[in-house]
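S.K.: Have a look at this prediction, sequence included:
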Amino acid sequence: MNPEEFRAAAHELVDWIADYRLRVDDLPVRSQVKPGEVHSQLQTPPPETPQSFSDLMSDLENVIVPGLTHVQSANNFAWFPANSSLSSVLGDFASTGLGALGITWQSAPALTEVEELVTEWLRELTGLTPEWKGAIHDGASTAALVALLIAREKASNLSLAGAGLQGESAPLIVYSSPQAHSSVAKATLLAGFGQSNLRMVEVDETNFSMKPAALRAEIEKDIALGNKPAAIVVAIGTTGTTAIDPIKESVALGKEFGIWVHVDAAMAGSAMLLPECAPMFDGINEADSISWNPHKWLGTSLDCALLYVRDTELMIRVLSTNPSYLKSGVDGEVTQLKDWGLPLGRRFRALKLWFHLRLDGAEAIRGRLRRDLANAQWLGKQVTASEDWELVAPVSLQTVCVRHVPKAIAGDWQAIDLHTQKWAEAVNATGKAFITPSLLQGHWMVRVSIGVLGTEREHVANVWNLMQEAAQISD
């Protein structure tokens with residue numbers, strides 16, 4: 001494909017994307033295809049000669065679109081907001097079109113310096129102090145892994161330069177909440193700590209946040225056993241209920257015992273832009289690392305996760321790689337992002353944030369976040385005012401966790417669990433909305449995650465009506 005052929009095809013594709021966004025709310029939210037259906041419709045021998053763009057677009061429309069769960073739909077309330085603002089889509093186009101290779105500063109100076117700029121913008125917008133420095137990663141899972149690798153090396157006095165963890169005389173321990181995202185446990189394993197060295201700290205039975213007293217008890221118990229506490233992972237906006245772990249108290253324990261404190265705010269980090277949400281982040285500037293994902297609630301297209309660290313010198317000592325072919329005359333004067341994460345090369349992901357923030361502006365983003373918080377509070381009030389419905393967790397952010405318990409099955413958890421899964425599936429099967437059943441303390445509830453770019457009060461009211469109808473039918 002030459003540039004002129006690309007120009008014609010790209011115009012057609014952009015028109016198609018714009019039309020898709022205009023009609024996405026009318027599509028079934030959850031994909032209705034069966035396993036293997038997409039593959040079977042596209043299965044042909046590998047193309048030896050060019051195929052027509054019109055045939056490709058036909059398959060995109062008729063096979064790919066039905067094979068998607070439409071997370072950009074205003075009727076999507078599942079998992080978490082996975083927003084892809086059209087302003088950031090333009091940045092993604094520019095990034096891919098430029099095809100820049102981010103290995104060192106010298107390979108793409110603008111790539112490095114725009115990433116420095118946008119992470120600085122978001123540092124200022126979120127109220128983080130100037131000693132924090134950030135970089136873009138693919139997701140909070142990778143960010144958590146990087147944070148735990150740094151914590152591991154701090155606790156082991158840079159054991160990677162010698163025998164690694166195999167040379168340590170005492171096990172290194174990680175502390176987290178059982179409500180935290182599964183990526184925390186995965187990062188603990190991949191960083192070499194081992195499953196038996198991950199402590200799941202007791203949480204409050206009402207708000208599901210980690211108990212500082214229980215955290216202290218776990219730390220002191222490990223020290224008495226001869227173990228070495230290495231990292232505390234504080235979750236702000238846990239996956240299941242958006243619970244808020246106490247940062248300030250966790251940081252105090254980290255300082256007292258010399259433990260790295262990582263704050264995982266993957267979805268909830270966007271709330272740092274709102275002054276009224278500052279209390280839930282109290283103490284964050286004293287933590288050691290923070291990760292959050294603009295590609296969730298904020299609205300920057302996947303993949304765009306941020307990891308901020310205060311001790312960048314330690315991070316670079318842990319992650320740096322310096323083969324001879326990458327040396328240059330500006331080493332020591334510039335940021336080398338290859339030493340700030342796992343991959344050697346990187347895409348120009350910063351353009352997505354640069355386009356998004358410049359074309360939309362922080363003021364409009366704050367207004368949308370406040371809209372979502374207000375809609376969640378509204379839904380919470382509808383639930384508590386309705387017979388047989390209950391909130392099973394505080395509405396701390398934009399996620400509402402509910403359960404329907406008809407009087408006929410009250411106290412029968414087996415029946416309640418079955419009923420919950422049945423009415424949630426009934427809602428999802430309509431195609432008119434998508435919600436997520438989830439386990440909480442061993443029993444099923446339903447999460448309604450509000451935050452898609454186009455979701456207004458009318459969409460929240462519609463899903464609430466669907467929930468009530470489905471629960472009555474499944475009763």
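M.R.: That came through fine.
S.K.: what's the pLDDT at T321?
M.R.: According to the model's per-residue confidence, T321 sits at a pLDDT of 83.
S.K.: wait, isn't it in contact with D339?
M.R.: Yes. Between T321 and D339 a contact is recorded at 7.0 Å, counting by CB atoms under 8 Å. (C-beta placed from N, C-alpha, C; glycine too.)
S.K.: more neighbours, these two?
M.R.: Neighbour comparison, T321 and D339: the larger count goes to D339, with 18 against 9 (by other CB atoms under 10 Å).
S.K.: got a list of what that one touches?
M.R.: For D339, the set of contacting residues under the criterion of CB atoms under 8 Å, 6 or more residues apart in numbering consists of 315-316, 319-321.
S.K.: swap in T436?
M.R.: Under the criterion of CB under 8 Å, 6+ apart, the contact list for T436 reads 77-79, 424, 446-447, 449.
S.K.: When you compare pLDDT across these, which one is lowest?
M.R.: When the contacts of T436 are compared on pLDDT, W79 comes out lowest, with 93.
S.K.: Please work out the average pLDDT along stretch 172-189.
M.R.: Averaged over stretch 172-189, pLDDT sits at 94.
S.K.: can you check stretch 223-239 too?
M.R.: pLDDT averaged over stretch 223-239 equals 97, rounded to a whole number.
S.K.: Check which residues of it are buried.
M.R.: Residues of stretch 223-239 classed as buried by neighbour count (16 or more other CB atoms under 10 Å): 227-239.
S.K.: Tell me how far that stretch lies from the chain's centre.
M.R.: Its chain's average C-alpha position is 20 Å from that of stretch 223-239, according to CA atoms, centre = their mean, to the nearest Å.
S.K.: and stretch 176-184, C-alpha only, in PDB?
M.R.: Extracted C-alpha coordinates of stretch 176-184, given in PDB (Å, rounded to 0.1, in the frame of the first residue of the first chain):
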ATOM      1  CA  SER A 176      -1.900  -6.800  50.200                       C
ATOM      2  CA  SER A 177      -5.600  -7.000  50.500                       C
ATOM      3  CA  PRO A 178      -7.700 -10.000  49.400                       C
ATOM      4  CA  GLN A 179      -9.900  -7.300  47.600                       C
ATOM      5  CA  ALA A 180      -7.000  -6.100  45.500                       C
ATOM      6  CA  HIS A 181      -6.700  -6.800  41.800                       C
ATOM      7  CA  SER A 182      -5.500 -10.300  40.800                       C
ATOM      8  CA  SER A 183      -2.500  -8.600  39.100                       C
ATOM      9  CA  VAL A 184      -1.000  -7.900  42.500                       C
END
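S.K.: mind checking how far whichever strand or helix holds L379 is from the chain centre?
M.R.: In this structure, L379 is located in helix 362-384 according to DSSP states H and E. Using CA atoms, centre = their mean, we find the averaged C-alpha position of helix 362-384 to lie 19 Å away from the chain's own average C-alpha position.
S.K.: Let me know the average pLDDT across it.
M.R.: 98.
S.K.: about what we covered before: just put the buried residues of stretch 223-239 in TSV and tack on distance to W121 and secondary structure.
M.R.: Output for these, formatted as TSV (distance: CB to CB, whole Å; DSSP: H, G, I helix; E, B strand; the rest coil):
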residue	distance to W121	secondary structure
N227	41	coil
K228	38	strand
P229	35	strand
A230	32	strand
A231	28	strand
I232	28	strand
V233	26	strand
V234	24	strand
A235	25	strand
I236	21	strand
G237	22	coil
T238	27	coil
T239	27	coil
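S.K.: could you list every residue that touches the nearest residue to Q179 once chain neighbours are set aside?
M.R.: The shortest distance from Q179 to any residue other than its chain neighbours is 4.0 Å, reached at T238 (CB to CB, 6 or more residues apart in numbering). Counting by CB under 8 Å, 6+ apart, T238 makes contact with 177, 179-181, 208, 245.
S.K.: Pick out the most distant pair among these.
M.R.: Across the contacts of T238, no pair lies farther apart than H181 and F208, at 13.5 Å, counting by CB to CB.
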